[in-house]
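J.: below: sequence and its predicted model.
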Amino acid sequence: MPERLGALAFFRDRSRWSRWETAFWLCWLVAFVVPGANLPLLTQVLVWGLFALALDLVLGYRGVPSLGHAAFFGIGAYTAGYLGKYGWTEPVTGLLIAGAVAGLVGLVAGRVVRGLHGVGLLMVTLGLNLLLYDFVLRATGLTGGDDGLQGITIAPVLGIFCFDMAGNTAYLYVLVVAFAVFMAVRALVNSAWGLALLGERDNARRMIMLGAPVAGDLTWAFGISAAVAGIAGALLTQTTQFVSPEVLSFQRSADVLTVLIIGGIAMLYGGFIGALVFLVLRDALAALNPIYWYFWIGLLLVLIVAFFRSGILPGLAKVLMRRRAPA
């Protein structure tokens, strides 16, 4: 009993909310009522943050890199698009179906890659992404090809709130979904299963000796990560009522990896901070120079690696810990 009570107290402390977490989510609510706030851009930030959270689950907490996570994002996006185009216009159930489809594909992919390591793992994830992207481009009659899937209709949320041109409904809808999914992922990584993922990331052989199902955990981590990425893709389709092959491109996979590196890996909030920095800078730099704006993004990455080697959030956390530490 004392050991059990100690374990419960340990996980309760891990799951306790800090004031910074509360302030983070309150800021998103405050942004909704700020006059002149760019709600469409903030909506994109939340979608990208959720997508980066999906990648963080396998890369940050399990230590498995992926260059093809856009495949799951695109599967969710196209699933929501097909549902909206062919009669299933209710957004919440469409979102759940898109996440489930992407999650099932992720489980299959997890079974494929769980025996791979290093360069072989990167090549397989990239290859799966490129195969799906090429299929979408070539199947013009099914996917619309380069023109994208058009004619998507999304009903009002809960039958009441219509998607408006100002983006008010889309912003609140994405915010609620992002918060709910974040809470589920947060509970997972703070549970015993989340600790097992960290152990398998740091020393897989030792975890095997302890009897942990390392291969099974990787499969489930890939499946859950794919489901979260699929939900993010479905949110993009539902709020824009359009989907194109760009959601499956390698550029999308590279961008979400960049977002996660900027914000910080294995921090939960790193993807959202990275998405905010990346998208705001992208819009500002593209307005100044629409051709060479990626040069400045590359320079930003160099500066982050030089001064915040683990990303913005881990770097700030180290600075705060140094200030709080006694002399």
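T.: Arrived safely, thanks for sending. Source: prediction; values computed, not measured.
J.: low-confidence ranges, the protein, go.
T.: For the chain, the stretches flagged by pLDDT under 70 are 1-11, 13-14, 141, 325-327.
J.: biggest helix in it by residues?
T.: Assignment by DSSP state H gives helix 214-240 as the longest helix of the chain.
J.: go through that one and flag the buried ones.
T.: Residues of helix 214-240 classed as buried by neighbour count (16 or more other C-beta atoms under 10 Å): 214, 217-240. Placement of C-beta: from N, CA and C, glycine included.
J.: same question, stretch 260-280
T.: Buried, per 16+ other C-beta under 10 Å, within stretch 260-280: 260-279.
J.: tell me how far the ends of that stretch are from each other?
T.: 15 Å (C-alpha to C-alpha, to the nearest Å).
J.: hmm, back to that, the longest helix of the chain packs against which elements?
T.: When contacts are defined as 3 or more C-beta pairs under 8 Å, 6 or more residues apart in numbering; DSSP states H and E, helix 214-240 sits against helix 39-59, helix 70-85, helix 91-113, helix 168-189, helix 192-202, helix 204-209.
J.: hey, which of those is tucked in deepest?
T.: helix 70-85 (a mean of 28; mean count of other C-beta atoms under 10 Å).
J.: report the angle between it and helix 39-59.
T.: Calculated by axes from the mean of the first three to the mean of the last three C-alpha atoms, to 10 degrees, helix 70-85 forms an angle of 130 degrees with helix 39-59.
J.: what helices or strands is helix 70-85 leaning on?
T.: Using 3+ C-beta pairs under 8 Å, 6+ apart, helix 70-85 is in contact with helix 39-59, helix 91-113, helix 118-138, helix 214-240, helix 250-263.
J.: how far does the second one sit from its chain's centre?
T.: To tie it back to what came earlier, the one meant is helix 91-113. 14 Å (C-alpha atoms, centre = their mean, to the nearest Å).
J.: that helix vs helix 70-85, what angle?
T.: Using the same axes, to 10 degrees: helix 91-113 against helix 70-85 is 150 degrees.
J.: restrict helix 91-113 to CA atoms and write it as CSV.
T.: Output of helix 91-113 as CSV, limited to C-alpha atoms (Å, rounded to 0.1, in the frame of the first residue of the first chain):
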residue,chain,number,x,y,z
PRO,A,91,-18.0,18.4,-38.5
VAL,A,92,-17.5,16.7,-35.1
THR,A,93,-18.2,13.2,-36.2
GLY,A,94,-16.3,13.9,-39.4
LEU,A,95,-13.4,14.9,-37.3
LEU,A,96,-13.5,11.7,-35.3
ILE,A,97,-13.8,9.5,-38.5
ALA,A,98,-10.8,11.3,-40.0
GLY,A,99,-8.7,10.8,-36.9
ALA,A,100,-9.8,7.1,-36.7
VAL,A,101,-8.8,6.5,-40.4
ALA,A,102,-5.4,8.2,-40.0
GLY,A,103,-4.9,6.3,-36.7
LEU,A,104,-5.5,2.9,-38.3
VAL,A,105,-3.0,3.7,-41.1
GLY,A,106,-0.6,4.8,-38.4
LEU,A,107,-0.9,1.5,-36.6
VAL,A,108,-0.1,-0.3,-39.9
ALA,A,109,2.9,2.0,-40.4
GLY,A,110,4.0,1.4,-36.9
ARG,A,111,4.1,-2.3,-37.5
VAL,A,112,6.2,-1.7,-40.6
VAL,A,113,8.8,0.6,-39.1
